[in-house]
Each structure stands twice: as structure tokens, then as C-alpha cells.
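In: give me the fold of what follows.
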Amino acid sequence: MAGDFGAFYDTHFDAVYRFVYFRVSQNTAIAEDLTADIFTSALAAFADFDPTRGEKAWIMTIARNKVINYWRDKKEHVDLDDIAFSLEGENGVKTTEAANDLDHLREAISQLKPHERRLIEQKYLLGYRYKEIATNLEKPAGSVRVETYRAMKKLKELMKTYV
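Out: So this is what the prediction gives:
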């Protein structure tokens, strides 16, 4: 079973890490810690894993719950010394610009319908294939492809307001 988990880990590590990284304000250290915690939890429950649920859906559910727990438990204030290492450019100008771009993206995404957000998240952040998304939504893959294209087109239009 340990060999199976090694293959499982290799298959899903990048998607889990990306998912966590963008949900913890792109803090590499926190993303690494949470990702390790996610796979530790997955290993502990791997013997009871039901393959009919789908590997990716299972590990991403664990990841989602860990991120929710992280934010729930996070302290309310931020010590600048804790984040100073992540500032780029003179006085953090590049970091500020990147944060503004990310804020604009978050604002634009928040204007999408929940279904559109879910499609974009599953396709572009989690890296699901259209067939996997279609299975999750119980829809034909062709319909999911068209809906995802339209959601991205709408998101691009919303992003133009920030340029």
C-alpha cells in the first residue's frame, strides 16, 4: 500500500500545492507546511480510501478542509517581520503590484456566478480535465468545455476594468 501512496503523492502533489499556495496569500512556507499536513492526513486515511470517489476529489477535499482550518485558526494581526522576506523590489513595490493584480483577479472572480467560479477553479487552479469536471457535475464534457470557455471569457472582460 505504501508504494501505491507514493504514486498517489506524485500524481497529486502539484495540484494540491497550487491550490494551497493561492489560498494562503502565496506564502511558500505556509503552503509547504499545509501541503505536508494534507498528505500526512491522506496517508493516515489511505487504507480506507474509496477509489470510486475519485482520487483527486478525495485529496482536494482534504486540502480544502485544511485550508479552511488554517484560516479559521489564523491570528487576526500580521507581524511585518513575518512577511518581510516575501517583499520584492524597492520597498516591496513589485510585491504590492502583484498583490494589487491578485486583488483585482479576486474581485473579478467574485463577480462571477458560483457555477462559473467553480468551473474556473477546477479547470485552471486545480488542473482538472474537462472529463473529470463533467463527472463531478454530472454533465457532458462538451457542455463543461463550452461553459468553462464562456466563464473565462466573462472573467477576461471583467479584468479589463482594472487595466
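
In: next one: phi and psi at G54?
Out: Backbone torsions of G54, given as degrees, to the nearest 10, read phi 100, psi 130.

In: got the contact list for it?
Out: 132, 135-136 (CB atoms under 8 Å, 6 or more residues apart in numbering). All C-beta atoms are positioned from the backbone trio N, CA, C, and that covers glycine.

In: helices of this structure, residue ranges please.
Out: 2-23, 28-45, 55-73, 80-83, 93-110, 114-120, 130-137, 141-160 (DSSP state H).

In: now the weakest link among these, please, by mean pLDDT.
Out: Looking over the helices of the chain, mean pLDDT reaches its minimum on helix 80-83, with a mean of 46.

In: re earlier: from the contacts of G54, list the buried ones, please.
Out: Buried by 16 or more other CB atoms under 10 Å: E132, out of the contacts of G54.

In: what's the nearest residue to the residue positioned nearest the centre of the chain if we skip its chain neighbours?
Out: Closest to where the C-alpha atoms of the chain average out (CA atoms, centre = their mean) is F19, at 2.3 Å. If the residues on either side of it in the chain are set aside, F19 comes closest to A63, at 5.4 Å by CB to CB, 6 or more residues apart in numbering.

In: please parse this structure into its domains.
Out: Per automatic domain parsing, the domain ranges recorded for the chain read 1-86, 92-163.

In: hmm, back to that, mind putting the contacts of G54 into CSV with distance to N69?
Out: As requested, these are exported to CSV (distance: CB to CB, whole Å):
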residue, distance to N69
E132, 25
T135, 27
N136, 23
